[in-house]
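Peer 1: using only what follows, build the 3D model:
(2 chains)
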Amino acid sequence: MKKLILILLTVLMGVSMAAEKKILVAYYSRVDENYGVGEITKGNTEIVAEMIAKKTGGTLLHVEPAKEYPKKYDDCINVAKKELAQDARPAIKPVNMNPEEFDEIYIGYPVWWGEMPMPMFTFLEKYNLKGKTIHPFVTHEGSGLSGVQRLKKVTGANVTAGLAIYGHVAQNEREKAQKEVDKWVK
Amino acid sequence: MFFPWAPAHEIIGVLLIVVWAVHVYANRRWFKAIFCGRYNPYRIVQTVVNCVMLVCALFLAISGVMLSNHVFAFLGIESGASFARTAHLLASHWYFVFIALHIGLHVNVIFSRLGIARFIAGASGAASSSRGVVVVSRIAVALASAYGVYAFIERGLWKYLTLQQPFFFMDMERGYVLFFVDYIAMIVAFAVAIIFISSLIRLRQRG
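Peer 2: Prediction:
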């Protein structure tokens, strides 16, 4: 009898674990001086990423470039523009998990020159995400949900309708941002 | 992004600057005469419009070269992107408005070159039933202008003109067709407004 219960429990656990989707929230976010919010110590995209991870029970992954961007906004966008022009793949810090092992992936980034910051390309191209479900979310100051076309192209994933939140809203009006996240994450 | 293929933006920009240069060169006599003769209110309006356009075009071209990631990439400009980005956004939107005013001030020339004036005049000069062409075209222009005003507000153009909207937003849900329809309607609205204002000025001058 004890054995039977044990077997039943193991099967049940196995089933419930299989039913639970593994969710990853991978993002790039930058602190220091930013447009519309000034000097910040927590990135706008990071704030949104944490809200999403909390709501979905997902695992957070901060994609970090090996070489930090300049702290001043104007200097940073000059570097970012050059990287975009050269279609560069800036090196990123080692990642200790494999996105391929997740069922659903949330990809977050600030919109830079209408696209993803280039370290996100470095990150995404390391893995085979073809056919995976990707939910994009961005922070911006007016351009809206940008960079999704190249996200689709570079991953070949099934990219769903994304979420665009103003950077200054994520930074300074967190309740409003939380509402937008709650509405988007179903 | 408005352009699915990024270099298209720069190539079209360069082509437009070439067209602009040809247009300015072809009308160089206007610039030479700028300090000659007397200025009446109508000429003042025309001169202000043209000079604002000239400033916008210069800012647009210079910032465009600075922002270029493809066509002018060989110049190796690596700074000033923040200034250039803002200048490009502001200059392009003010240029758009003033091009519409410029079109309005020269609508007679444009229509006569295209044979539209003759078409309407011919129609109205002929049988009385053809007067309908004039009425219909006026109603069409009035409707297009009204829609242009709506599009101007709906797309928040005033926000771009005043930097309340510091980054360009391409509404993909509305798509490209509606984008062009809206912007052309806005041109009609501004053109009609300046035609109306300048005809008032001319009436006062005569009176």
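Peer 1: can you tell me the distance between the two ends of stretch B:166-183?
Peer 2: The straight-line separation of the ends of stretch B:166-183 (CA to CA, to the nearest Å) is 19 Å.
Peer 1: tell me how far B:Ile110 lies from B:Leu54.
Peer 2: 20 Å (CB to CB, to the nearest Å). Where C-beta positions appear, they are placed from N, C-alpha and C, glycine not excepted.
Peer 1: which residue is the nearest non-sequential neighbour of A:Lys71?
Peer 2: A:Asp32 (4.1 Å; CB to CB, 6 or more residues apart in numbering or on different chains).
Peer 1: what number of residues lie near the residue nearest to A:Ala88 when sequence neighbours are not counted?
Peer 2: Distances taken as CB to CB, 6+ apart put A:Met118 closest to A:Ala88, at 5.3 Å, once the chain neighbours are dropped. Burial of A:Met118 is recorded as 23 neighbouring residues (other CB atoms under 10 Å in any protein chain shown).
Peer 1: SS state for A:Ile107?
Peer 2: strand (DSSP: H, G, I helix; E, B strand; the rest coil).
Peer 1: my guess is A:Lys67 meets A:Ala91, correct?
Peer 2: Yes - contact criterion CB atoms under 8 Å: A:Lys67 and A:Ala91 qualify, at 7.2 Å.
Peer 1: now do the contacts for residue 154.
Peer 2: By default, I'm working from chain A. When contacts are counted by CB atoms under 8 Å, 6 or more residues apart in numbering or on different chains, A:Val154 touches A:Phe121, A:Leu124, A:Glu125.
Peer 1: that answer is for a different chain, and I need it for chain B
Peer 2: Contacts for B:Glu154 (CB under 8 Å, 6+ apart) come out as B:Asp182.
Peer 1: and it, how close does it get to chain A?
Peer 2: Counting by CB to the nearest CB, to the nearest Å, the separation of B:Glu154 from chain A is 15 Å.
Peer 1: following the helix or strand bottoming out on mean pLDDT in chain A, which helix or strand comes up?
Peer 2: Across the helices and strands of chain A, mean pLDDT, DSSP states H and E gives its lowest value to helix A:2-19, namely a mean of 66. Counting by DSSP states H and E, the next helix or strand C-terminal to helix A:2-19 is strand A:23-27.
Peer 1: what is that following strand packed up against?
Peer 2: Under the contact definition 3 or more CB pairs under 8 Å, 6 or more residues apart in numbering or on different chains; DSSP states H and E, strand A:23-27 sits against helix A:44-56, strand A:59-62, strand A:104-110.
Peer 1: I'd like the ones you listed as a markdown table, with distance to B:Gly148 appended.
Peer 2: Listed next are the helices and strands packed on strand A:23-27 as a markdown table, based on distance: least, CB to CB, whole Å:
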| stretch | distance to B:Gly148 |
| --- | --- |
| helix A:44-56 | 36 |
| strand A:59-62 | 47 |
| strand A:104-110 | 34 |
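Peer 1: tell me which of those is the most buried.
Peer 2: strand A:104-110 (a mean of 26; mean count of other CB atoms under 10 Å in any protein chain shown).
Peer 1: is any part of that strand close to chain B?
Peer 2: No - judged by CB under 8 Å from any CB of the partner chain, strand A:104-110 stays clear of chain B, getting no closer than 11.4 Å.
Peer 1: tilt between that strand and strand A:23-27?
Peer 2: Counting by axes from the mean of the first three to the mean of the last three CA atoms, to 10 degrees, strand A:104-110 lies at 20 degrees to strand A:23-27.
Peer 1: may I have the strands that pair with strand A:104-110, each with its orientation?
Peer 2: Sheet partners assigned to strand A:104-110 using DSSP bridges are listed as strand A:23-27 (parallel), strand A:133-140 (parallel).
Peer 1: if you count neighbours, what's buried in the last one?
Peer 2: Of the residues in strand A:133-140, those buried by neighbour count under the rule 16 or more other CB atoms under 10 Å in any protein chain shown are A:Thr133, A:Ile134, A:His135, A:Pro136, A:Phe137, A:Val138, A:Thr139, A:His140.
Peer 1: lovely, talk soon.
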